[in-house]
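Chemist: I'll drop the sequence and a predicted model, then ask my questions.
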Amino acid sequence: MSTLRLILGDQLNSQHSWYNTVSNKTTYCMFEMRQETDYVKHHIQKVVGFFAAMQEFSRQLISDGHKVIYLTIDDSSNHQCLEKNLKSVIDSLNISKLEYQSPDEYRLDYQLKNICKTLSISSKQVDSEHFYTNRNQLSEFFKGKKQFLMERFYRDMRKKHHILMNGEQPEGGEWNYDKSNRNKWKGSPGIPPFINFKNNVDSILKSINNCNIDTIGRFDGSTLTYPINRKQSLEQLEYFNQNLLVHFGDYQDALHNDEVYLFHSRLSFAMNLKIISPKEVVSSVLDFYRLNNDEITISQVEGFIRQVIGWREYMRGMYWAHMPEYKKLNTLSNQNQIPEFFWTGETQMNCLSKTINNSLDNAYAHHIQRLMVTGNYLLLTQTNPDEVDNWYLGIYIDALEWVQLPNTRGMSQFADGGLIATKPYVSSGS
Ligand code: FAD
């Protein structure tokens, strides 16, 4: 019996139980595909980043002794769509069983289920072994409730996983230090330089250009600053602990004209591709805090933990609780087009210019820029949420629909009528 195991581009979890044993009866397959590069116009650094991380992962599997079929975007045998690629590998290797990890995007989950129905071999979906919660946990938690309050979910997560708890009580006496997370940053304390991995991606860039993939954004030079493998991702995490955590909470809601990253971790890309898991991020941050709690206060740590075990898991749960209907919600009937300057950065409105140019230059903007600057403007100008989604889904290196959609359509645009946000943020912008 020969098994084919599919690894999607955001399933680069080397700690998955799949890899505990090496077998010559199991082949792993990974495909760079037009299906994925073209469903929305992505930032050039996002396409490069995904392909670079996928290639690193496949090289690691091979060096660990696993059998891997990897199709690059310009491989002549690449059919550029998942169904044809899978069927072609299944036929050529005489495969008798297909296994795949649960996709996080509804689109791929739906597609894979349909593909499996048409196969003459058996198939099995397994957990991706990444998140704290499973897909349906949040809807079960809020069963019968009209409002899905993040804070309730977050407190339950703290209790369930014994994170920052003193018995049944929150460590430090408060569940949430949100009020101490709203300082302005006025030039000090100094912000350490961001960690730049200088990954050489010349050949990937060449393939993308040869295939005429239509992208957005800018990429000066051919070295990618983001972590693309496990070693780099763990280094990025350690850098955060050593240098940024100490002020993370204080300035997590700050905006500054000249600072792109402030004290943010830039871990979302590594986490969303599952190169590192939220559990290891949380335990590493907690360990560091325990050893350094004379220097690091609980409000810094709680502010960070809330994002990872609270917002990140909550958004995923909301996505699976409300898809596919969620993607069509437009409660405020907003119909305007997204302004042209979102694609060029050419506007005299300073906050918008800074945020959009950051995004075009780095495929990154921090949370407050995404929510309070571009998000508020697009809601205020009654932009169609479909256009808003396409922009956010394309431009950020960490953008995958399960996390982008509830943040954009829900939290920022209020298009879900208040399932996520208690009020439109634009109505309280001070
Ligand atoms: P940090 O500030 O260092 O936070 C640490 C981690 O917490 C992040 O890496 C992320 O994994 C998690 N996190 C923080 N806030 C959120 C949140 N609201 N939802 C889910 N996880 C969160 N995040 C994405 O990962 N992908 C997206 O496509 C995305 N789109 C967004 C769109 C809008 C309109 C808004 C308002 C937010 C969006 N976010 C998205 C959430 C957040 O802005 C990013 O996770 C964060 O900016 C990533 O940078 P960082 O790793 O430096 O984060």
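Modeler: Looks like it came in fine.
Chemist: S233 contacts S277, correct?
Modeler: No: S233 is beyond contact range of S277, at 10.2 Å (criterion: CB atoms under 8 Å). All C-beta atoms are positioned from the backbone trio N, CA, C, and that covers glycine.
Chemist: Tell me which of the two has more neighbours.
Modeler: Comparing S233 with S277 by other CB atoms under 10 Å, the one with more neighbours is S233, at 24 against 19.
Chemist: Tell me how far the more buried one lies from the ligand.
Modeler: Counting by CB to the nearest ligand atom, to the nearest Å, the separation of S233 from the ligand is 11 Å.
Chemist: How about that residue: what's its closest non-neighbour residue?
Modeler: A270 (3.7 Å; CB to CB, 6 or more residues apart in numbering).
Chemist: Can you tell me the element that neighbour falls in?
Modeler: Using DSSP states H and E, A270 maps to helix 268-272.
Chemist: and what of V68?
Modeler: Applying DSSP H and E, one finds V68 within strand 67-71.
Chemist: Tell me the strands beside that strand, with direction?
Modeler: strand 26-31 (parallel) (DSSP bridges).
Chemist: Run a quick neighbour tally on the closest residue to Q335 other than its chain neighbours.
Modeler: Excluding the flanking residues, the one nearest Q335 by CB to CB, 6+ apart is N384, at 5.2 Å. When neighbours are counted by other CB under 10 Å, N384 registers 18.
Chemist: Would you check how far apart N384 and S333 are?
Modeler: Per CB to CB, to the nearest Å, N384 is found 9 Å from S333.
Chemist: swap in E56?
Modeler: Separation of E56 from S333 (CB to CB): 45 Å.
Chemist: Also W185?
Modeler: Distance of W185 to S333, computed by CB to CB: 38 Å.
Chemist: Tell me which of those two has more neighbours.
Modeler: Shown here are W185 and S333; by other CB under 10 Å, W185 has more neighbours (17 against 8).
Chemist: That one against E259, yeah?
Modeler: Yes: using CB under 8 Å, W185 is in contact with E259, at 7.0 Å.
Chemist: shared neighbours, these two?
Modeler: I191 (CB atoms under 8 Å, 6 or more residues apart in numbering).
Chemist: Can you name the residues of the stretch 201-350 of the chain that neighbour the ligand?
Modeler: For the stretch 201-350 of the chain, the contact set with the ligand under CB under 6 Å from any ligand atom comprises 264-268, 271-272, 307-308, 311-312, 315.
Chemist: Pull the contacting residues for D214.
Modeler: Applying CB under 8 Å, 6+ apart, the residues contacting D214 are 38, 41.
Chemist: which helix in this protein runs the most residues?
Modeler: Longest helix in the chain, counting residues (DSSP state H): helix 44-63.
Chemist: Going by neighbour count, list what's buried in that helix.
Modeler: Residues of helix 44-63 classed as buried: 44-58, 60-61 (neighbour count, 16 or more other CB atoms under 10 Å).
Chemist: and that helix, what other elements does it pack with?
Modeler: With contacts taken as 3 or more CB pairs under 8 Å, 6 or more residues apart in numbering; DSSP states H and E, helix 44-63 sits against strand 26-31, strand 67-71, helix 202-210, strand 223-224.
Chemist: chain center to the particular helix or strand that has K117 in it, what's the gap?
Modeler: Under the criterion of DSSP H and E, K117 resides in helix 106-118. From the chain centre to the centre of helix 106-118 is a distance of 22 Å (CA atoms, centre = their mean, to the nearest Å).
Chemist: Then stretch 401-410?
Modeler: For stretch 401-410, the distance to the chain centre is 10 Å (CA atoms, centre = their mean).
Chemist: Now do it, average pLDDT.
Modeler: Per-residue pLDDT over stretch 401-410 has a mean of 98.
Chemist: is that stretch anywhere near the ligand?
Modeler: Yes: contact of stretch 401-410 with the ligand (CB under 6 Å from any ligand atom) involves 403-404, 407-408.
Chemist: Return the member of those nearest to I338.
Modeler: Set against I338, the nearest of those by CB to CB is T408 (11.9 Å).
Chemist: want to throw the residues of the stretch 201-350 of the chain next to the ligand into CSV with distance to H322 and neighbour count?
Modeler: Conversion of these to CSV gives the following (distance: CB to CB, whole Å; neighbours: other CB atoms under 10 Å):
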residue, distance to H322, neighbour count
H264, 28, 24
S265, 28, 23
R266, 29, 22
L267, 26, 23
S268, 22, 21
M271, 22, 21
N272, 20, 21
Q307, 21, 19
V308, 22, 21
W311, 16, 18
R312, 17, 21
M315, 11, 20
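Chemist: Can you lay out those residues as JSON lines showing pLDDT?
Modeler: Listed next are those as JSON lines, based on pLDDT from 0 to 100:
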{"residue": "H264", "pLDDT": "98"}
{"residue": "S265", "pLDDT": "98"}
{"residue": "R266", "pLDDT": "98"}
{"residue": "L267", "pLDDT": "98"}
{"residue": "S268", "pLDDT": "98"}
{"residue": "M271", "pLDDT": "98"}
{"residue": "N272", "pLDDT": "98"}
{"residue": "Q307", "pLDDT": "98"}
{"residue": "V308", "pLDDT": "98"}
{"residue": "W311", "pLDDT": "98"}
{"residue": "R312", "pLDDT": "98"}
{"residue": "M315", "pLDDT": "98"}
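Chemist: Quickly check those residues for the two that are furthest apart.
Modeler: R266 and M315, at 18.4 Å, using CB to CB across these.
Chemist: give the contact list for the residue nearest to Q137 when sequence neighbours are not counted.
Modeler: Nearest residue to Q137, sequence neighbours excluded (CB to CB, 6+ apart): G317, at 6.2 Å. Counting by CB under 8 Å, 6+ apart, G317 touches 133, 135, 137-139, 141, 153.
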